[in-house]
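Visitor: Pasted the sequence and its predicted model underneath.
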Protein chains: 2
Amino acid sequence: MDIKTYVTEKAQKAKTAARKLSVLSSVVKNTALVKMAEALVEKTNALLSANAKDLEEAKRRALSKAMIDRLTLSPRRIEEMAAGLREVAALPDPVGEVLRMVRRPNGMQVGRVRVPIGVIGIVYESRPNVTADAASLCLKAGNAVVLRGGSEAIYSNAAIVKVLSGAGATAGLPDDCVAFLDNPDRLAVMEMLKLDALIDLIIPRGGEGLMKMVTENSRIPVIKHDKGLCHTYVDEDADLAMARSICFNAKVQRPATCNAMETLLVNQKIATVFLPTMIQEFQAAGVEVRGCPKTRAIVPGINEAKEEDWTTEYLDLILSVKVVKDMDEAMEHIARYGSQHSEAIITRDYGRSRRFLAEVDACAVFVNASTRLNDGYQFGLGAEIGISTSRIHARGPMGLEELTTTKYIVLGEGQLRE
Amino acid sequence: MDIKTYVTEKAQKAKTAARKLSVLSSVVKNTALVKMAEALVEKTNALLSANAKDLEEAKRRALSKAMIDRLTLSPRRIEEMAAGLREVAALPDPVGEVLRMVRRPNGMQVGRVRVPIGVIGIVYESRPNVTADAASLCLKAGNAVVLRGGSEAIYSNAAIVKVLSGAGATAGLPDDCVAFLDNPDRLAVMEMLKLDALIDLIIPRGGEGLMKMVTENSRIPVIKHDKGLCHTYVDEDADLAMARSICFNAKVQRPATCNAMETLLVNQKIATVFLPTMIQEFQAAGVEVRGCPKTRAIVPGINEAKEEDWTTEYLDLILSVKVVKDMDEAMEHIARYGSQHSEAIITRDYGRSRRFLAEVDACAVFVNASTRLNDGYQFGLGAEIGISTSRIHARGPMGLEELTTTKYIVLGEGQLRE
């Protein structure tokens, strides 16, 4: 069978499954998710031996230690996947909620009801847990999924899908609602991205290369999570103790995440008071600080921040620091270099907090809180499938609601168009 | 200047304007829209002489009478455009509305605020009024627009944009917030569709060819309005008098629209009672009826409906009729041939009304009402920029809210990620 036929058949079956899934009750879906969790734990040995094949291949191909770590399954990681599935089962079902139903002058009632999107394609890299996480969120929201994981995790992913599908079928999920592209050929992704008649949405999860490949080649709408080049602006009227603890948290608590701070912007009026102790604190935690000329005049001995530092998502214990004249200069810097991800101001000033919230363009804007809080759990969505920096459909943490669309329903008693 | 530079510069300026537009007050935007309306009427003569150039060219190129009619401006049509602008000015401003703000366990407040999408590209055909309609809705929602009209209306569109821009500037709108591609080269559209760093959303308005060209070539998210192949199913428990008036309205009131009925599905239990008078009524109104074999057995002498009739959006006084065994067969037919636009059931049965609403996949599903009611005004959105049959972002009539996105705002007092 050629690759195009192979991918098309998988997607066609997923589309057929999606129609059945869309009308399943929450009870059936939740029971299936719980059974999937049980099955993953029960089949731990099978999953580990599939994973061993991927690890062997990874060593043969001399993949990096970090990559091998992300690829590795363990009984504990399998338990965590199962726990994730149970959490998704416990979340409220978004499907069927009726939004803003109104009575129109002619007496008909018009409302919008939340319905599944249909078929969601997930294109992702190395971590096999994405297979279970993404599938469970899509299924809970009534969608079929077409999964395309990285070739380096192909045995692990196939084993996980097999377990999920088996358990789902016993609970009454339709066949093929979790489709998996087990052909590692890169052409399979390219064909998948053309199937706009069968797949309704693509969510890529991975590095910059994957994102670029998907957006440039997809005819299907894509919701993406781009890089997080996040700033914190410490205003002239900041509570400096609060500013220190928030900035420290935003940089150090987990530097490899997309919502960690990469650049600190400090108002010149408080820079000489704030920066020396703040930078000392960062350095004590192992952070390399790179400063603008004014920063280096206040704290001598630190490295110079070059133009490329303002555009770099370090994802590491490195921080660039810039002293700014005022909030306008800070907002200009954010508009020029920011990635519209997570941006914060620390201030006690009411007017500036209002302006910052209104004028800064990002999927989440914070006043007096750490950018690290940009997260589905923290925002109360339950689980998230990622943080969207797209502007269309979903923006910010994407939970179950963002995996649905709506349709209008109209209840009449004979209304006509006049 | 090459075409790529030409289009990129226009879009870049629109993007700069969008940032300023996004924080304008409703008062400034509404004043601008009212001034634009006044200016259009004042400049009637200039608009008519620009339009005359297009009409001259259209005659030279021997365009169809229908096309020339759509292209023609008149004092009355200019008045209508102005009235449209005043209506948009009177609508509530969606920007700034805060949705579902909640207090999280750590005390921070998290909400979503409606913000403009940014820059919206409109690609459209012949009717010059789209220029004013689309621009006004985008501007009211705080978006800059890049307009690309059909080459056949280029003088009219350029003249309208000039009037709108002049009036907007006197009211305080930023320069270039209404960008117009006045180069008729087809390459200009192709370049426009690649500018995903500058344009946030593309809305095509026009025929099937335009839709296809845009979706296949755009790297920018597209919200489209596909064809409307709409059905009405008359159930065995329908109120037959109501069914007759709804079906007549859905077909005859304005047959050239996307939400008009193209296929009538009738339950076999009431077909012999319902169809003869219904078809007579249609024929009296000049509707050509094409029937399935059972329909033709009940009402002899009508034309045969062929396979292609079930897939054709007539947009005309033609109707295909099929007798079905039950609602399941009707829903199967709709799933197979429908365009997920507007679908209706006529019934007095509670259970079947619930099932039809839940199981039929369309942007609007009706019980006991005419599909012709699928419309922004009828649904209470005010004006609409079109009816979206996309599943992502907007589905159904697209009003001002659908021209916005949201961002999360977080109000804290020192909250950290634990």
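Guide: Perfect, I can see it now. Numbers count the residues shown, from 1 in each chain, chains lettered A, B, ... in the order given.

Visitor: Chain B contacts on the stretch 151-300 of chain A?
Guide: Counting by CB under 8 Å from any CB of the partner chain, the residues of the stretch 151-300 of chain A close to chain B are A:196, A:200-201, A:215-216, A:219, A:221-223, A:239, A:242, A:245-246, A:249, A:253-254. Every residue, glycine included, has its C-beta placed from N, CA and C.

Visitor: Just the buried ones from those residues?
Guide: Burial by neighbour count, judged by 16 or more other CB atoms under 10 Å in any protein chain shown, picks out A:D200, A:L201, A:T215, A:R219, A:P221, A:V222, A:I223, A:D239, A:M242, A:S245, A:I246, A:N249 from those.

Visitor: Contacts only, for the closest residue to the first one other than its chain neighbours.
Guide: Leaving out its chain neighbours, the residue that sits closest to A:D200 by CB to CB, 6 or more residues apart in numbering or on different chains is A:G118, at 4.0 Å. When contacts are counted by CB atoms under 8 Å, 6 or more residues apart in numbering or on different chains, A:G118 touches A:K15, A:A18, A:S22, A:N143, A:A144, A:D200, A:L201, B:R391.

Visitor: Can you give me the neighbour number for the fourth one?
Guide: Burial of A:N143 is recorded as 27 neighbouring residues (other CB atoms under 10 Å in any protein chain shown).

Visitor: Report pLDDT for it.
Guide: At A:N143, the pLDDT value in this model is 98.

Visitor: go on, the one 5 residues further on?
Guide: What the model reports as pLDDT for A:R148 is 96.

Visitor: Just give me the neighbour total for it.
Guide: 25.

Visitor: quick one: A:A335 and B:A18 touch, right?
Guide: No: here A:A335 does not reach B:A18: they are 11.5 Å apart, not a contact under CB atoms under 8 Å.

Visitor: who's more crowded, these two?
Guide: Of the pair A:A335 and B:A18, B:A18 is the one with more neighbours under other CB under 10 Å, namely 26 against 15.

Visitor: Keeping just the C-alphas, turn the helix ranked longest in chain A into CSV.
Guide: In terms of residue count, the longest helix belonging to chain A (DSSP state H) is helix A:3-21. Coordinates of each C-alpha in helix A:3-21 appear next as CSV, following Å, rounded to 0.1, in the frame of the first residue of the first chain:
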residue,chain,number,x,y,z
ILE,A,3,1.9,6.0,2.0
LYS,A,4,-0.9,8.2,0.9
THR,A,5,-3.5,5.4,0.9
TYR,A,6,-2.1,4.2,4.3
VAL,A,7,-2.5,7.6,6.0
THR,A,8,-5.9,8.3,4.3
GLU,A,9,-7.4,5.0,5.4
LYS,A,10,-6.3,5.6,9.0
ALA,A,11,-7.8,9.1,9.0
GLN,A,12,-11.0,7.9,7.2
LYS,A,13,-11.5,5.3,10.0
ALA,A,14,-10.9,7.9,12.6
LYS,A,15,-13.5,10.2,11.0
THR,A,16,-16.0,7.4,11.1
ALA,A,17,-15.2,6.8,14.7
ALA,A,18,-15.5,10.5,15.5
ARG,A,19,-19.2,10.5,14.5
LYS,A,20,-19.9,7.7,17.0
LEU,A,21,-17.8,9.3,19.7
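
Visitor: Need the mean per-residue confidence for whichever strand or helix holds A:T405.
Guide: Per DSSP states H and E, A:T405 falls inside strand A:404-415. Across strand A:404-415, pLDDT averages out at 98.

Visitor: same deal with stretch A:1-16?
Guide: Confidence for stretch A:1-16, expressed as mean pLDDT, is 96.

Visitor: Do that stretch and chain B come into contact?
Guide: No: in terms of CB under 8 Å from any CB, no part of stretch A:1-16 sits within range of chain B; the closest distance is 10.5 Å.

Visitor: How far off centre is that stretch?
Guide: Here stretch A:1-16 is found 27 Å from its chain centre; the criterion is CA atoms, centre = their mean, to the nearest Å.

Visitor: try stretch A:280-296
Guide: Between the centre of stretch A:280-296 and the centre of its host chain there is 30 Å, according to CA atoms, centre = their mean.

Visitor: buried set for stretch A:13-25?
Guide: Residues of stretch A:13-25 classed as buried under the neighbour-count rule (16+ other CB under 10 Å) are A:K13, A:A14, A:K15, A:T16, A:A17, A:A18, A:R19, A:K20, A:L21, A:S22, A:L24.

Visitor: can you list the residues you listed in CSV and add distance to A:Y314?
Guide: As requested, the buried residues of stretch A:13-25 are arranged in CSV below (distance: CB to CB, whole Å):
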residue, distance to A:Y314
A:K13, 43
A:A14, 39
A:K15, 42
A:T16, 46
A:A17, 42
A:A18, 41
A:R19, 46
A:K20, 46
A:L21, 41
A:S22, 43
A:L24, 45
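
Visitor: Nearest to A:G301 among the residues you listed?
Guide: In terms of CB to CB, no member of the buried residues of stretch A:13-25 lies closer to A:G301 than A:A14, at 58.6 Å.

Visitor: how close does the closest one get to chain B?
Guide: In this view, A:A14 and chain B are 15 Å apart by CB to the nearest CB, to the nearest Å.

Visitor: Likewise for A:V163?
Guide: In this structure, A:V163 and chain B are separated by 30 Å, where distance is defined by CB to the nearest CB.

Visitor: which residues touch that residue?
Guide: A:V163 sits in contact with A:M36, A:A39, A:L40, A:K43, A:A46, A:L47, where contact means CB under 8 Å, 6+ apart.

Visitor: Mind doing that once more with 10 Å?
Guide: A:V163 makes contacts with A:36, A:38-44, A:46-47, A:50, A:78, A:131-132, as judged by CB atoms under 10 Å, 6 or more residues apart in numbering or on different chains.

Visitor: possible to save those residues as a markdown table with secondary structure, pLDDT and neighbour count?
Guide: Shown next, in a markdown table, are the contacts of A:V163 (DSSP: H, G, I helix; E, B strand; the rest coil; pLDDT from 0 to 100; neighbours: other CB atoms under 10 Å in any protein chain shown):
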| residue | secondary structure | pLDDT | neighbour count |
| --- | --- | --- | --- |
| A:M36 | helix | 98 | 30 |
| A:E38 | helix | 98 | 14 |
| A:A39 | helix | 98 | 19 |
| A:L40 | helix | 98 | 25 |
| A:V41 | helix | 98 | 15 |
| A:E42 | helix | 98 | 14 |
| A:K43 | coil | 98 | 18 |
| A:T44 | helix | 98 | 16 |
| A:A46 | helix | 98 | 14 |
| A:L47 | helix | 98 | 25 |
| A:A50 | helix | 98 | 23 |
| A:I78 | helix | 97 | 24 |
| A:T131 | helix | 96 | 26 |
| A:A132 | helix | 96 | 26 |
